[in-house]
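>>> Could you work out the structure for the sequence below:
(2 chains)
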Protein chains: 2
Amino acid sequence: MGLQNEEKLELGCSSSQQRSKKWVLLTVRVIAFLATATATLVMALNKETKTLVVAMVGSTPIKVTLTAKFQHTPAFVFFVIANGMASFHNLMMIMVELFGQKLDYKGLRLAMIAILDMTTVALISGGASAATFMAEVGKNGNSHARWNKICDKFETFCDRGGVAIIASSAGLILMLIITAMSIFKLLNKPKSVSS
Amino acid sequence: MGLQNEEKLELGCSSSQQRSKKWVLLTVRVIAFLATATATLVMALNKETKTLVVAMVGSTPIKVTLTAKFQHTPAFVFFVIANGMASFHNLMMIMVELFGQKLDYKGLRLAMIAILDMTTVALISGGASAATFMAEVGKNGNSHARWNKICDKFETFCDRGGVAIIASSAGLILMLIITAMSIFKLLNKPKSVSS
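Sure, this is the predicted structure:
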């Protein structure tokens, strides 16, 4: 039923243009998914263990093993959750677009997608910002609060964190574009849906 | 059935329903504006100076004056900018709704508003998350990074920061609702615009 309507409309308003638009949106979604999935994995697997010699007793070195994990910083935990949820959202939307064209509820399909996209934007934005500013403290420290930088000791940890943040930021920009596209889709929405 | 009614109402212009919806949206926008403006001001004016006695030379106390300012933490600076911009956005949208009903560009008015709202959601979400996680370090410290808490010394500073973050979170929730309303508005948009 929904498909028939859509098909009629497509015939009415340049089906090839509609179809190419659909593929553009799908491609951007796939890239956004890859970006947030990369961010999730890189951050979730981020762990660096270092053994430092802190003193010598005779000829026996006293060593301390320190580990930097993303779990130690609540902002990074939120980052992983937020990017994981964003990846899941984009995966679902790709599935719905490919296999669930008939899924609809009272003609609200497009509006629901736009609202879910917008919520995901909020989520990634929160995760990426929190991680960015926490990483900044890790990199530069904060002399006023007497928080020392830790990136001089845990270089690999910081580099990987940076990669995750860059991937997440790319995901955020793509999600902003996707949400704008979802909103514009509502403008061209066939009125027939509500009849 | 419900949808058919809606269409009839739209055809009949259903002015009273439309008008009441408009006022609901305007009221929520005003509250959101007040929330983000409060967050901006409370954080921007957040400053605490403490004089501590660090030593005694004979009977002369040696004092150190420490100041906690929001400017010392990049996350709080971003928080102030983000909430300030969100307040400005809501103020503009209120103005446009009240006095600029004729403002439009190629029938894109509603879509532009929805997209600006969505961008503002991203902005507040980023600002609020960054500040929240930074405040958490200020409150609890981070033993792994050897960052000591500072809220035991600067209680007033931390309390005010907390108030600003709560106000901003309220603003974020309201902006999510507003954006959802802006998106739904596109659904009921008269078809004439895009044809």
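>>> how close does residue A:71 get to residue A:152?
In this structure, residue A:71 and residue A:152 are separated by 21 Å, where distance is defined by Cβ to Cβ, to the nearest Å. For every residue, glycine as well, the C-beta is placed using N, CA and C.
>>> Check the offset of stretch A:79-90 from the chain's centre.
Averaging C-alpha coordinates over stretch A:79-90 and over its chain gives two centres that are 5 Å apart (Cα atoms, centre = their mean, to the nearest Å).
>>> Return that stretch as PDB; C-alpha atoms alone will do.
What follows is stretch A:79-90 as a C-alpha-only set of coordinates in PDB (Å, rounded to 0.1, in the frame of the first residue of the first chain):
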ATOM      1  CA  PHE A  79      32.200   8.600  24.600                       C
ATOM      2  CA  VAL A  80      32.200   4.800  24.000                       C
ATOM      3  CA  ILE A  81      28.500   4.500  24.900                       C
ATOM      4  CA  ALA A  82      27.400   7.500  22.800                       C
ATOM      5  CA  ASN A  83      29.300   6.400  19.700                       C
ATOM      6  CA  GLY A  84      28.200   2.800  20.100                       C
ATOM      7  CA  MET A  85      24.600   3.900  20.300                       C
ATOM      8  CA  ALA A  86      25.100   6.200  17.300                       C
ATOM      9  CA  SER A  87      26.600   3.300  15.300                       C
ATOM     10  CA  PHE A  88      23.600   1.200  16.200                       C
ATOM     11  CA  HIS A  89      21.200   3.900  15.200                       C
ATOM     12  CA  ASN A  90      22.800   4.300  11.800                       C
END
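>>> is any part of it close to chain B?
No - under the criterion of Cβ under 8 Å from any Cβ of the partner chain, chain B is not reached by stretch A:79-90; the shortest gap measures 8.6 Å.
>>> Spatially nearest residue to residue A:129 (excluding sequence neighbours)?
residue B:126 (3.5 Å; Cβ to Cβ, 6 or more residues apart in numbering or on different chains).
>>> pLDDT score for the closest residue to residue A:71 other than its chain neighbours?
When the adjacent residues along the chain are set aside, residue A:71 lies closest to residue A:77, with 6.2 Å between them (Cβ to Cβ, 6+ apart). What the model reports as pLDDT for residue A:77 is 95.
>>> same deal with the one 3 residues further on?
In this model, residue A:80 is scored at 96, pLDDT.
>>> secondary structure element for it?
helix A:74-99 (DSSP states H and E).
>>> Next, the angle helix B:74-99 makes with that helix.
Angle between the axes of helix A:74-99 and helix B:74-99 is 50 degrees (criterion: axes from the mean of the first three to the mean of the last three Cα atoms, to 10 degrees).
>>> elements contacting helix A:74-99?
For helix A:74-99, the helices and strands in contact under the criterion 3 or more Cβ pairs under 8 Å, 6 or more residues apart in numbering or on different chains; DSSP states H and E are helix A:15-44, helix A:109-140, helix A:155-187, helix B:109-140.
>>> if we can go back for a sec, the residue nearest to residue A:71: neighbour count?
For residue A:77, the tally of surrounding residues (other Cβ atoms under 10 Å in any protein chain shown) stands at 19.
>>> what's the answer for residue A:19, then?
Other residues near residue A:19 come to 11 when the count uses other Cβ under 10 Å.
>>> returning to what we had before: export the helices and strands packed on helix A:74-99 as CSV, with columns for mean pLDDT.
Converted to CSV, the helices and strands packed on helix A:74-99 look like this (pLDDT from 0 to 100):
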stretch, mean pLDDT
helix A:15-44, 90
helix A:109-140, 94
helix A:155-187, 94
helix B:109-140, 94
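>>> which one of the ones you listed lies closest to residue B:51?
Residue B:51 sits nearest to helix B:109-140 of all the helices and strands packed on helix A:74-99, at 20.2 Å, using Cβ to Cβ.
>>> What are the buried residues along that closest one?
Residues B:109-115, B:117-138 are the ones in helix B:109-140 that count as buried (16 or more other Cβ atoms under 10 Å in any protein chain shown).
>>> for stretch A:27-47, same thing?
Under the neighbour-count rule (16+ other Cβ under 10 Å), stretch A:27-47 has A:28-29, A:31-44, A:46 buried.
>>> which other residues reach it?
By Cβ atoms under 8 Å, 6 or more residues apart in numbering or on different chains, the residues outside stretch A:27-47 that reach it are A:67-70, A:76, A:79-80, A:83-84, A:86-87, A:90-91, A:93-94, A:97, A:124, A:131, A:157, A:160-161, A:163-165, A:167-168, A:170-171, A:174-175, A:177-178, A:181.
>>> for stretch A:129-141, same thing?
Contact with stretch A:129-141 is made by A:43, A:73, A:75-76, A:78-79, A:147-151, A:158, A:161-162, A:164-165, A:168-169, B:74-75, B:78, B:125-127, B:129-130, B:132-134, B:137, B:145, B:147, as judged by Cβ under 8 Å, 6+ apart.
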